[in-house]
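*Asks:* give the three-dimensional model of this entry:
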Amino acid sequence: MGSAMREDRDDSEQASAGRLIIPSLALSRITTRTGGILMGLFLVDIGLSFGASVGVIGQIPTLSSIVAMAFALLMGMLSVRLSYKALLRTGLLFYAASSLGCILAPNYATMLLSYSLTGIGIAMVNPMSVALVGEHIPLDGRPSAIGWIFTAMALSSSFIAGPVMTYLSGVGGWRMAFLGYSLPIALMSIALSYFGIPSISRSTAIGGPEKRYLEGFRELFRNRSAIACLVGSVLSSASFQGLLVYGISFYREKFLVPKELTALLWAGMPLGFSIGSQFSGRFVNRFGRKPLTVLGLLLSSLFTVLYANVPGFWLSVTLAYLTCIFAGVRGTAASSLAVEQMPEFRGTMMSSNVAGINLGSALGSALGGVMLVWWGWEAFGVVLGGLGLVASLVYHLLTLDPTVDRSISGS
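*Replies:* Residues are numbered from 1 along each chain as shown. Purely as a prediction, here's the structure:
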């Protein structure tokens, strides 16, 4: 009887945790966005605190991106033997440690090192959040779950993080934004992940302890479709990065828009992304992971070319918002496609995907800057939009959806 009662209690705890999986994963992704938003808002203020220029302070998030890209590859090995839940919680701990280090940082070097821990957090949390969807959510429900996670992340970035951080900075400076928002969000996410995500043995999930750390990468390199997904992630991330990094500067320079209006314009971009994510999450099962990925890329890339080249301000803004909407469609569909490529090695696949996204972000930022220096905004739009069009061809010609065609495993 005692054994039966324990089993009933365990089943009840698993069911309770199951209801909290999506909120737990959504909050974990929200956590990984807080540092980037904060740095974007207070780059000048941080520079004044440490007596450094904006260009020098701007290297802080750059180092974090490099760390994220490198550590994501290590995660591809660790995820073969360790629990996805444990890895996600460890990543959130790195985020909390980063926030605390930034709060206490006495100089630029300490701030640089403290903030670089967010790169480790991103490399651990982002891929594991999608891998956990694949591990705990039934196949038909995964696109919707991923869509809700992306939506929550985008909406919090647009309507909660910025206003709250701005208010807190008015009370006690940029450090108060770390103390009053970034650190509490990380701690709340750690607590919710502990209770909200069911535990599962990683060795049981992937077929036994004999699996070696590098086996996931061996499987990855044998799978042409999985490699194509990674190439597509690099190119599509580079294409969209141009709007994320240079979009506000574009409107201030080309259309002489005041800073107050650009702030309102920026708030609408995550909203557009969330609309696209929700659409994709609801209709992926009807239209397919691969078709929606290709459609989202084609349209977001086309609108990237157009918004930077049309003469009218409001027409350009409309096209930029359409870019965000279809980038949201692509983001959810592409993640839903990637997570199904290697079911036994989801951690390896999604960690490699995060490395590809970070590589694409660096490529898009660098290439966008070069285009602006050499040829201006028109060439900027054409080249970055062109990267997205190439990505759509890669997805169309080289990827396969394992949930549709089961014969591609190992191809």
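
*Asks:* going forward, measure contacts and count neighbours with C-alpha atoms only.
*Replies:* Noted.

*Asks:* any weak-confidence spans in the stretch 101-250 of the chain?
*Replies:* Residues of the stretch 101-250 of the chain meeting the criterion pLDDT under 70: 200-213.

*Asks:* and with 90 instead?
*Replies:* Flagging of the stretch 101-250 of the chain using pLDDT under 90 yields the residue ranges 126-127, 130-131, 134-137, 139-144, 146-147, 150-167, 169-173, 194-219, 241-250.

*Asks:* so what's Gly331 up against?
*Replies:* Contact analysis of Gly331 by Cα atoms under 8 Å, 6 or more residues apart in numbering lists Ser277, Thr293.

*Asks:* that one and Ser300, how far apart?
*Replies:* 11 Å (Cα to Cα, to the nearest Å).

*Asks:* residues in contact with Ile21?
*Replies:* Ser193, Gly196, Ile197, Pro198.

*Asks:* ugh, typo on my part, it should be Arg289
*Replies:* Ala333, Ala334, Ser336, Leu337, Asp401.

*Asks:* the first one reaches Phe287, doesn't it?
*Replies:* Read it as Ala333. No: Ala333 is not in contact with Phe287 according to Cα atoms under 8 Å; the separation is 10.2 Å.

*Asks:* so which bits of the helix or strand harbouring Ala391 are buried?
*Replies:* For Ala391, the element it lies in under DSSP states H and E is helix 377-398. Neighbour-count burial for helix 377-398 flags 377-392, 394-396 (criterion: 16 or more other Cα atoms under 10 Å).

*Asks:* kindly report the same for stretch 275-289.
*Replies:* Buried residues in stretch 275-289 (16+ other Cα under 10 Å): 275-285, 288-289.

*Asks:* closest one to Arg218 out of the residues you listed, please.
*Replies:* Arg289 (24.6 Å; Cα to Cα).

*Asks:* which residues in the protein form strands?
*Replies:* Ranges of strands in the chain, per DSSP state E: none exist.

*Asks:* give me the domain ranges for it.
*Replies:* 11-198, 214-400 (automatic domain parsing).

*Asks:* nearest residue to the middle of the chain?
*Replies:* Closest residue to the average C-alpha location of the chain: Asn126 at 6.1 Å, with Cα atoms, centre = their mean.

*Asks:* how about that one, nearest residue that isn't a chain neighbour?
*Replies:* Arg29 (6.5 Å; Cα to Cα, 6 or more residues apart in numbering).

*Asks:* what sits in contact with each of Gly331 and Ser300?
*Replies:* With Cα under 8 Å, 6+ apart, Gly331 and Ser300 have no common neighbours.

*Asks:* count of residues packed around Ala191?
*Replies:* 13 (other Cα atoms under 10 Å).

*Asks:* ugh, typo on my part, it should be Lys254
*Replies:* What Lys254 shows, counting by other Cα under 10 Å, is a neighbour count of 12.

*Asks:* residue ranges with poor pLDDT in the stretch 301-411 of the chain?
*Replies:* 343-348, 350-351, 354-374, 376-377, 380, 403-411.

*Asks:* can you do 50?
*Replies:* Flagging of the stretch 301-411 of the chain using pLDDT under 50 yields the residue ranges 407-411.

*Asks:* and the helices in it, which stretches?
*Replies:* 313-338, 346-374, 377-398 (DSSP state H, counting those that start in this stretch).

*Asks:* dump the ones you listed to TSV, plus distance to Phe240.
*Replies:* As requested, the helices of the stretch 301-411 of the chain are arranged in TSV below (distance: least, Cα to Cα, whole Å):
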stretch	distance to Phe240
helix 313-338	7
helix 346-374	8
helix 377-398	8
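
*Asks:* out of those helices, which comes closest to Arg33?
*Replies:* Closest among these, using Cα to Cα: helix 346-374, at 13.7 Å.

*Asks:* and the closest one, what does it pack against?
*Replies:* Counting contacts by 3 or more Cα pairs under 8 Å, 6 or more residues apart in numbering; DSSP states H and E, helix 346-374 packs against helix 59-81, helix 108-136, helix 215-222, helix 224-254, helix 313-338, helix 377-398.

*Asks:* right, and Ala186 touches Tyr95 too?
*Replies:* Yes: counting by Cα under 8 Å, Tyr95 is a contact partner of Ala186 at 6.4 Å.

*Asks:* please export the C-alpha coordinates of stretch 234-254 as PDB.
*Replies:* Backbone C-alpha positions of stretch 234-254 (Å, rounded to 0.1, in the frame of the first residue of the first chain) are rendered in PDB as follows:
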ATOM      1  CA  VAL A 234      23.200  30.800 -39.800                       C
ATOM      2  CA  LEU A 235      21.900  32.600 -42.900                       C
ATOM      3  CA  SER A 236      18.400  33.400 -41.700                       C
ATOM      4  CA  SER A 237      19.800  34.700 -38.400                       C
ATOM      5  CA  ALA A 238      22.300  36.900 -40.300                       C
ATOM      6  CA  SER A 239      19.500  38.300 -42.500                       C
ATOM      7  CA  PHE A 240      17.200  39.200 -39.600                       C
ATOM      8  CA  GLN A 241      20.100  40.600 -37.500                       C
ATOM      9  CA  GLY A 242      20.300  43.600 -39.700                       C
ATOM     10  CA  LEU A 243      16.900  44.900 -38.600                       C
ATOM     11  CA  LEU A 244      17.500  44.100 -35.000                       C
ATOM     12  CA  VAL A 245      20.900  45.900 -34.800                       C
ATOM     13  CA  TYR A 246      20.500  48.700 -37.300                       C
ATOM     14  CA  GLY A 247      16.800  49.200 -37.700                       C
ATOM     15  CA  ILE A 248      16.400  52.200 -35.300                       C
ATOM     16  CA  SER A 249      19.500  53.800 -36.700                       C
ATOM     17  CA  PHE A 250      18.100  53.400 -40.200                       C
ATOM     18  CA  TYR A 251      15.000  55.400 -39.400                       C
ATOM     19  CA  ARG A 252      16.900  58.100 -37.500                       C
ATOM     20  CA  GLU A 253      19.400  58.600 -40.300                       C
ATOM     21  CA  LYS A 254      17.300  58.100 -43.400                       C
END
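
*Asks:* please renumber the chain so that the first residue is 590 from this point on.
*Replies:* Sure, I'll start counting at 590 from here, so that last one is stretch 823-843.

*Asks:* flag every buried residue along that stretch.
*Replies:* So, applying 16+ other Cα under 10 Å, buried residues of stretch 823-843: 823-837, 839-840.

*Asks:* from the chain's centre, how far out does it sit?
*Replies:* Centroid displacement of stretch 823-843 relative to its chain, using Cα atoms, centre = their mean, to the nearest Å, is 16 Å.
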